[in-house]
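Chemist: Make a model of this:
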Amino acid sequence: MARIGFVGLGNMGLPMARNLARAGHAVAGFDLDAARMQALGSGAASAAEAAAGADFIITMLPAGTHVRQAWLDGAAGTAQGLAAAARPDAVFIDCSTIEVAVAREVAAAVAQPMLDAPVSGGVMGAENATLTFMVGGTDDAFATARPILEAMGRTVVHCGASGAGQAAKACNNMLLAVSMIGTCEAFILAEKLGLSHQALFDVASKSSGQCWALTTYCPVPGPVPGSPANRDYQPGFAAALMLKDLGLAQAAAGEVGAVTPLGARALELYREFASLHGLTDFSGIIHQLRSNGSRPS
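Modeler: Numbers count the residues shown, from 1 in each chain. Below you'll find the predicted structure:
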């Protein structure tokens, strides 16, 4: 089994690290919140200490600036970044969701193989080890790291070279946001027309309107018992995180000159929703669409 340093034990990182430990790996975790390390049961005194001697070093951090600092400039008061503290044959894995450009910058700056491996599946997927990993990096590094990623997820996809994992995440979550808004609008129209939620679900889930936002994450209570709509829209996947991902997608689109009008409008709608309800599940945007109308201003 592998020795793994895991830096960033937040709502996603902690259950991911726990799943690695359950799989038999020796995990040394570090987080600025000491209670998180206690919850893991195998904390390190610093990020550099977590990295020292590890076969794999994994980060799960909030934003690109934190990733850059952790790997290159030092983290959590240490004098050197994780890359400098690592063994020369260690494989680096960043599971944060960050800018494509930053992922490529950090991978180019470190002297060892590095994978960008953002995830989809939310806290529930992290807890149940059913995450989807979208991975960018070399073939050799991916092959070496794949068993580690499979201990935390159900689906592991090699998307291409460095940055490709972040590119896939940006595209996927832009599509998810657009499809969720469309699904919400369909239910709102059905309500106005006197059609029950269940009737629309029974038709659309078996017809051309079928999508994940409908059949797995239905934004109204009832048809899909496991969706956040049935627990007062507790996340799940918080609206603030969707806003972040849409911002990353639009930044990437601007860099390459891609025209994404629906993605841009989704960003506007989630910016408005998250400004008041950032900790609500992103499917809760149905309330905003009901109250404000879903037509562009």
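Chemist: Show the low-confidence segments of the stretch 51-200 of the chain, by residue range.
Modeler: Within the stretch 51-200 of the chain, the stretches with pLDDT under 70 are 74-80.
Chemist: where along this protein do the strands fall?
Modeler: 3-7, 26-30, 56-59, 91-94, 114-116, 119-120, 131-136, 153-160 (DSSP state E).
Chemist: From the contact counts, what lies against the fifth one?
Modeler: Packing contacts for strand 114-116, counted by 3 or more Cβ pairs under 8 Å, 6 or more residues apart in numbering; DSSP states H and E, involve strand 91-94, helix 100-109, strand 131-136, helix 139-150, helix 164-192. Bear in mind the C-beta positions are built from the backbone N, C-alpha and C, glycine included.
Chemist: Report the buried residues of the longest one.
Modeler: Buried residues in helix 164-192, counted by 16 or more other Cβ atoms under 10 Å: 164-188, 190.
Chemist: In CSV: the helices and strands packed on strand 114-116, plus distance to residue 25.
Modeler: Formatted as CSV, the helices and strands packed on strand 114-116 follow (distance: least, Cβ to Cβ, whole Å):
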stretch, distance to residue 25
strand 91-94, 13
helix 100-109, 23
strand 131-136, 16
helix 139-150, 7
helix 164-192, 21
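Chemist: what's the closest of those to residue 261?
Modeler: The minimum distance between residue 261 and these falls on helix 164-192, with 10.0 Å, by Cβ to Cβ.
Chemist: how close does residue 121 get to residue 32?
Modeler: Separation of residue 121 from residue 32 (Cβ to Cβ, to the nearest Å) stands at 24 Å.
Chemist: Go ahead and confirm residue 170 touches residue 256.
Modeler: No: with contact defined as Cβ atoms under 8 Å, residue 170 does not reach residue 256; the gap is 10.9 Å.
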